[in-house]
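>>> Build me a model:
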Amino acid sequence: MKLFKVKSGFTLMELMVYIALLGGIVLIAGQAFSDSSKMRVRTQSMLQGNQIAGNLSILLKEDIAQMGAKSTKESNADRDSFYINSLVFMDTSQAVNDLSSYSVTKNEGGTELDKLTMRRLRYDENGHYEAVEEVSWFVENGTLKRSCTIIDSVAGKSRDECPPGDPTTVTIAEGVDKFEVIPAEPGAKSDSSRIFPSVDTSETAFRLVPRYGVDNLAYFTIDPDTGGSIVTLSGFASNYNFSIQEPNLSGKNSNQAFLADSNNLTGNWAELCHKITLDSNAEYELSFFMPFTNDGSRLFCPGRDYMAVGFRTANVDALTPAGLNDFVFYPPTNSGASERKRKFRFRSGKTAKNVCVAFTFASYSPIVSTGKIKFSKMELKKVESANYKFTGNNIDTKEKKNVKAMKLNISVGVNNEKSVLSLIIPVPSNGITD
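Residues are numbered from 1 along each chain as shown. Below you'll find the predicted structure:
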């Protein structure tokens with residue numbers, strides 16, 4: 001029997017098909033690897049850009065938040081004092097009168113590459129004044145830089161990183177094609193923010209009109225009843241039981257007076273009170289002084305006796321507008337520091353129309369009700385620095401001191417991948433005291 005040997009292998013056609021398939025697989029795998037590499041590079045570039053933007057935002061926030069700070073602890077004082085160095089302001093000359101602590105220089109070419117310059121105080125570890133520093137942020141040839149120089153200092157307190165004379169400049173980030181600084185435009189102007197007694201800040205006369213005969217509200221004496229620069233209240237209702245020599249804590253006898261314009265007009269409180277509209281989300285400040293009186297009012301007991309100011313609707317019900325609670329305050333206990341200006345800041349969650357300022361008093365002491373309460377320099381205004389919006393409009397030089405926030409738009413590029421950063425930074429110490 002004859003045996004035949006079987007031969008195995010690929011035919012030429014099969015080999016060509018296999019080679020073609022392998023080539024396709026390699027091509028697809030290569031393209032996938034290339035796309036993956038490009039994606040990895042893009043992702044790394046984006047992450048690097050985000051990291052750079054995040055780091056410079058931290059440095060910016062630190063610089064801007066310290067702008068114009070003026071609180072120091074001086075060696076001859078036992079506690080912190082408010083120290084003002086005129087060099088913290090940009091220009092105190094009468095010709096310019098720029099009492100802000102910053103300047104923004106726009107690029108003349110119209111590109112979004114601004115220069116931000118800030119002035120601030122520097123302190124030592126104990127809070128004592130050391131120097132006035134001027135810090136600038138700007139872009140040169142796509143590089144964001146920061147410079148610092150001293151414009152005033154205590155002898156021997158200069159530092160290498162911020163020397164007097166020529167500023168020290170350091171590179172912050174490369175590939176910056178946008179550095180836009182937008183100061184917040186004050187929502188209320190200095191010459192029109194005052195609501196009461198009038199926009200004229202020299203006007204100090206006001207009037208208090210009593211409300212009585214309802215809700216246990218009793219009549220009391222207001223002198224002068226037609227108003228003046230100082231108004232005195234006396235003859236308060238009492239919730240003290242003299243028979244048993246104890247306060248009647250469940251008593252509801254009280255007094256109420258409404259703020260009005262100083263005039264000789266007659267009518268009830270709802271007709272005479274000064275009616276205003278509180279805008280939604282605007283910030284207001286009600287303030288006044290309380291001259292000291294050496295009488296029974298000094299025995300006011302917080303938590304038991306009651307003295308408050310707030311708002312009421314100008315109608316028969318005199319309701320408290322929603323979201324506007326009363327502010328409790330105390331009479332001065334001695335002359336001097338306790339007579340300081342009383343300030344109450346507030347926002348209305350929604351527009352409150354036709355409301356009036358009301359003072360409410362309740363006494364649970366045998367002595368407090370015999371005292372007198374005095375008010376002077378009554379004022380209601382919008383807070384210029386607390387109401388703002390970012391419009392990009394030029395801000396008048398005299399209003400720059402009221403800027404209390406800045407918006408920064410920054411774009412950083414790494415390998416053609418851009419990271420865009422937009423942040424709002426408060427600047428609470430810019431300008432004069434607030």
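>>> C-alpha only now, for contacts and for neighbours.
Will do.
>>> quick one, helices of the stretch 251-400 of the chain?
269-272 (DSSP state H, counting those that start in this stretch).
>>> pLDDT weak spots in it?
384-387 (pLDDT under 70).
>>> tell me the contacts of the spatially closest residue to residue 240 that is not a sequence neighbour?
Spatial nearest neighbour of residue 240, chain neighbours left out: residue 247 (4.2 Å); criterion: CA to CA, 6 or more residues apart in numbering. Residue 247 makes contact with 239-241, 364-366, according to CA atoms under 8 Å, 6 or more residues apart in numbering.
>>> how about 6 Å then?
240-241, 364 (CA atoms under 6 Å, 6 or more residues apart in numbering).
>>> Would you mind writing the PyMOL command to select the buried ones in the residues you listed?
A single PyMOL command is used to select the members of the contacts of residue 247 judged buried by 16 or more other CA atoms under 10 Å:
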select buried, resi 240+364
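>>> I'd like the contacts of residue 247 laid out as a markdown table, including distance to residue 340.
Listed next are those as a markdown table, based on distance: CA to CA, whole Å:
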| residue | distance to residue 340 |
| --- | --- |
| 240 | 30 |
| 241 | 34 |
| 364 | 25 |
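>>> Closest one of the contacts of residue 247 to residue 217?
Nearest to residue 217, judged by CA to CA, of those is residue 364 at 14.6 Å.
>>> And the closest one, how close does it get to residue 332?
Note on residue 364: its distance to residue 332, by CA to CA, to the nearest Å, is 18 Å.
>>> now do residue 84
For residue 84 relative to residue 332 (CA to CA), the value is 28 Å.
>>> the more surrounded of those two?
More crowded of residue 84 and residue 332, by other CA atoms under 10 Å: residue 332, with 22 against 16.
>>> Assess the claim that the more buried one and residue 340 are in contact.
No: between residue 332 and residue 340 there is no contact under CA atoms under 6 Å: 8.7 Å.
>>> quick one, what contacts the closest residue to residue 274 other than its chain neighbours?
Among residues not flanking residue 274 along the chain, residue 260 sits closest, at 4.6 Å (CA to CA, 6+ apart). By CA under 6 Å, 6+ apart, the residues touching residue 260 are 207-208, 273-274.
>>> Next step: the residues you listed restricted to strands.
Using DSSP state E, 207-208 are the members of the contacts of residue 260 that sit in strands.
>>> Kindly reformat the contacts of residue 260 as TSV containing neighbour count and distance to residue 117.
Shown next, in TSV, are these (neighbours: other CA atoms under 10 Å; distance: CA to CA, whole Å):
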residue	neighbour count	distance to residue 117
207	27	47
208	30	48
273	24	47
274	22	44
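>>> Closest one to residue 100 out of the contacts of residue 260, please.
Nearest member of the contacts of residue 260 to residue 100, counting by CA to CA, is residue 274, at 34.1 Å.
>>> how near is the closest one to residue 312?
Residue 274 is 11 Å from residue 312, by CA to CA.
>>> what do these two both touch?
Contacts common to residue 274 and residue 312, judged by CA under 6 Å, 6+ apart, are residue 356.
>>> Residue 228: how many residues sit nearby?
By other CA under 10 Å, the residues close to residue 228 number 20.
>>> Who are the contact partners of it?
The neighbours of residue 228, taking CA under 6 Å, 6+ apart as the test, are 205-206.
>>> and it, bridged to which residues?
Listed by DSSP bridges, the beta-bridge partners for residue 228 are residue 206.
>>> got it, and the one 5 residues further on?
Taking DSSP bridges, one finds residue 222, residue 373 as the beta-bridge partners of residue 233.
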